[in-house]
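Undergrad: Got a predicted structure plus its sequence, pasted below:
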Amino acid sequence: MNAPGEFTATIEKPSAATAVTGPRAAIIFLLLLCLAYSINAADRQIFPTLLPAIRQAFGYDLAAAGLLATIFTLGLAVAGLPSGHVVDRTSRKTIILLAMVLYSVFTLATIYATGFWDMLLYRALTGVGEGMQMAALFAAVGSYFHGRRTFFLGCLVVAYGVGAFLGPRIGALIAGATGGWQAPFVWFALTGLALAAIVLVLVPKDFTEGRRGDGAAAIDPARLAHMPEGFWNRNVILGIVASIVAGYSLYGFIGLYTTYLREGLQFSQGDAAAAFSFFGLGGLLSFAGGWLGDRFPQRLVTAVAFALLALNSYLMYNWSTSLQSQSVLSFLTGAFASGVIFVNLLSMLQRSVRPRMVGAASGIFLTALFGAGSTAGYLMGLLVGRFGWGGAALIELSLLPLVAIAAMAMIDPMRLMPVRSSA
């Protein structure tokens, strides 16, 4: 028998109105959730894209601007852990819908900010909604496709990549056409609300709650015998350490990259947005990162990606000066950080606990990564003031990943949930 609480959704009989009718229907529902997540990603990218104009309008210094650019990750961090526990105990679909409405409303509220503190609050609350959505999405997809979780979680990150690629471009185009930074926030807020309505009508609870598919099949107790009974264990702690490093490496880049291109390399707003958008394009490789993590030692795949990200970051801030090379390096940042590190750390944390705690594992990942990300832009701004762009990137984006590599070396692969080799 399953341990108490494990796969309790399997004892519920799905209604005809909510049944998942087969693999083809499941893929359609997955695509709809991916579309919803892509708007989440695009929503996040428009603020740093338009930060130079916002900074000029309000007169923020670089450190304050960096904090505004990444403070939404504090909301993600605050929401991550409690949302992870909630989605293990209630409807994931309900959490997804509430979250989409929440972050869309506070995206719209951003344009009504009158100063630093209320804008900081709106951006943080936007992050709360995004964190709630992510915890529920990751738990839903990880549970439904648990036998191939890394690959399908990678599909979600592909959706993030699409949004992160299109978001800066669309935001810059709308801002250019309207002559102000406010219009893109209105556009993305309304789009988020429209997609919430689509998910409400078309995506059934049988899918989000894992009542069919891989998540509904009972797991042989023998496959769980090696797993720790409780949530806190060695692999979870090491995964948290690596997630914190990933947060500083990823959001130290995201928060001030456009500002670096505009002020450090004197790029135009259009060129800076174009280069930044390639970061999202790199995230499209996350399905490949998920495939690698399901078929090769996950700790090795993740450690190699951290090493390549560190080298890539050094070249970005200490060697490259052209739009072409910056676009390539931005793409590689997305490939290594979003395409490999993000999806494999998330999957590894889910695999470090028993199935009944998948939501909590997703939540602790979000709290660790985005908690670090909330101060990553501020730290980058402080380091730039003292060491310049090249020195700041060396410290935060190239040397810090060595800690994560060491954490991956200490992961115990014998205490991870196995994946199906045939997946």
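TA: Here it is on my side, so go on.

Undergrad: so where's this structure shaky on pLDDT?
TA: 1-22, 84, 88, 146-147, 149, 210-229, 419-423 (pLDDT under 70).

Undergrad: again, only using 50
TA: Applying pLDDT under 50 to the chain picks out residues 1-19, 213-218, 421-423.

Undergrad: And whichever strand or helix holds residue 311, what does it pack against?
TA: Assigned by DSSP states H and E, residue 311 falls within helix 298-318. Packing partners of helix 298-318 (3 or more Cβ pairs under 8 Å, 6 or more residues apart in numbering; DSSP states H and E): helix 234-259, helix 286-295, helix 323-333, helix 343-351, helix 358-393, helix 401-409. For every residue, glycine as well, the C-beta is placed using N, CA and C.

Undergrad: Quick one: closest of these to residue 173.
TA: helix 234-259 (15.0 Å; Cβ to Cβ).

Undergrad: Who are the packing partners of the closest one?
TA: By 3+ Cβ pairs under 8 Å, 6+ apart, helix 234-259 packs against helix 23-58, helix 62-70, helix 269-282, helix 298-318, helix 343-351, helix 358-393, helix 401-409.

Undergrad: where's the closest residue to residue 101 other than its chain neighbours relative to residue 95, distance?
TA: Closest residue in space to residue 101, ignoring its immediate chain neighbours: residue 196 at 5.6 Å, by Cβ to Cβ, 6 or more residues apart in numbering. Residue 196 sits 12 Å away from residue 95, going by Cβ to Cβ, to the nearest Å.

Undergrad: Residue 170 too?
TA: Look at residue 170 and residue 95: by Cβ to Cβ, they are 27 Å apart.

Undergrad: same deal with residue 307?
TA: For residue 307, the distance to residue 95 - Cβ to Cβ - is 36 Å.

Undergrad: Looking at the two, which one has more neighbours?
TA: Each of residue 307 and residue 95 has its neighbours counted (other Cβ atoms under 10 Å); residue 95 has more, 23 against 15.

Undergrad: which residue sits closest to the more buried one, ignoring its sequence neighbours?
TA: Closest to residue 95 by Cβ to Cβ, 6+ apart is residue 136, at 4.0 Å.

Undergrad: same check, this time on residue 285
TA: Using Cβ to Cβ, 6+ apart and skipping residues adjacent in sequence, the residue nearest residue 285 is residue 339, 3.9 Å away.

Undergrad: what's near enough to touch the one you found?
TA: For residue 339, the contacting residues are 154, 157, 161, 282, 283, 284, 285, 286, 288, 289, by Cβ atoms under 8 Å, 6 or more residues apart in numbering.

Undergrad: Buried among the residues you listed? Need that as a selection in ChimeraX.
TA: Of the contacts of residue 339, the buried ones go into a single ChimeraX selection, burial set by 16 or more other Cβ atoms under 10 Å:
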select :154,157,161,282,283,284,285,286,288,289
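
Undergrad: any chance of the contacts of residue 339 in CSV, with distance to residue 83 too?
TA: Formatted as CSV, the contacts of residue 339 follow (distance: Cβ to Cβ, whole Å):
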residue, distance to residue 83
154, 21
157, 18
161, 23
282, 27
283, 22
284, 26
285, 27
286, 22
288, 28
289, 24
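
Undergrad: how about the contacts of residue 339, which pair is most distant?
TA: So, the contacts of residue 339 by Cβ to Cβ: farthest apart are 154 and 282, at 13.0 Å.

Undergrad: So what touches the host helix or strand of residue 184?
TA: Remark: residue 184 resides in helix 183-202, with elements defined by DSSP H and E. Residues outside helix 183-202 that contact it (Cβ under 8 Å, 6+ apart): 29, 32-33, 35-36, 39-40, 42-43, 46, 50, 93, 96-97, 100-101, 103-105, 107-108, 110-111, 167, 170-171, 174-175, 177.

Undergrad: Next, work out how far apart residue 167 and residue 273 are.
TA: Taking Cβ to Cβ, one finds residue 167 at 9 Å from residue 273.

Undergrad: Spit out the residues that contact these two alike.
TA: Shared contacts of residue 167 and residue 273 (Cβ under 8 Å, 6+ apart): residue 49.

Undergrad: Relative to residue 51, how far out is the closest residue to residue 177 other than its chain neighbours?
TA: Of all residues not flanking residue 177 in the chain, residue 183 sits nearest, at 7.7 Å (Cβ to Cβ, 6+ apart). Look at residue 183 and residue 51: by Cβ to Cβ, they are 16 Å apart.

Undergrad: Which one's more surrounded, these two?
TA: Higher neighbour count among residue 183 and residue 51: residue 51, with 23 against 17, using other Cβ under 10 Å.

Undergrad: Okay, the residue nearest to residue 72 when sequence neighbours are not counted and residue 373: tell me how far apart.
TA: In space, and not counting its chain neighbours, residue 72 is closest to residue 127: 3.4 Å by Cβ to Cβ, 6+ apart. Using Cβ to Cβ, residue 127 is found at 9 Å from residue 373.

Undergrad: now swap in residue 78 and tell me
TA: 12 Å.

Undergrad: With residue 396 instead?
TA: Distance from residue 396 to residue 373, by Cβ to Cβ: 12 Å.

Undergrad: Could you do residue 197 as well?
TA: For residue 197 relative to residue 373 (Cβ to Cβ), the value is 30 Å.

Undergrad: neighbour count winner among the two?
TA: Between residue 197 and residue 373, counting by other Cβ under 10 Å, residue 373 is the more crowded of the two (29 against 12).

Undergrad: and the more buried one, what does it touch?
TA: Contact analysis of residue 373 by Cβ under 8 Å, 6+ apart lists 70, 73, 76, 77, 247, 248, 250, 251, 254.

Undergrad: Over to residue 287?
TA: 151, 154, 155, 157, 158 are the contacts of residue 287 under Cβ under 8 Å, 6+ apart.

Undergrad: And for the fourth one, nearest residue in space, chain neighbours not counted?
TA: What it means is residue 157. Using Cβ to Cβ, 6+ apart, the closest residue to residue 157 is residue 286 (3.5 Å).

Undergrad: before we move on, what about residue 366?
TA: Using Cβ to Cβ, 6+ apart, the closest residue to residue 366 is residue 80 (2.9 Å).
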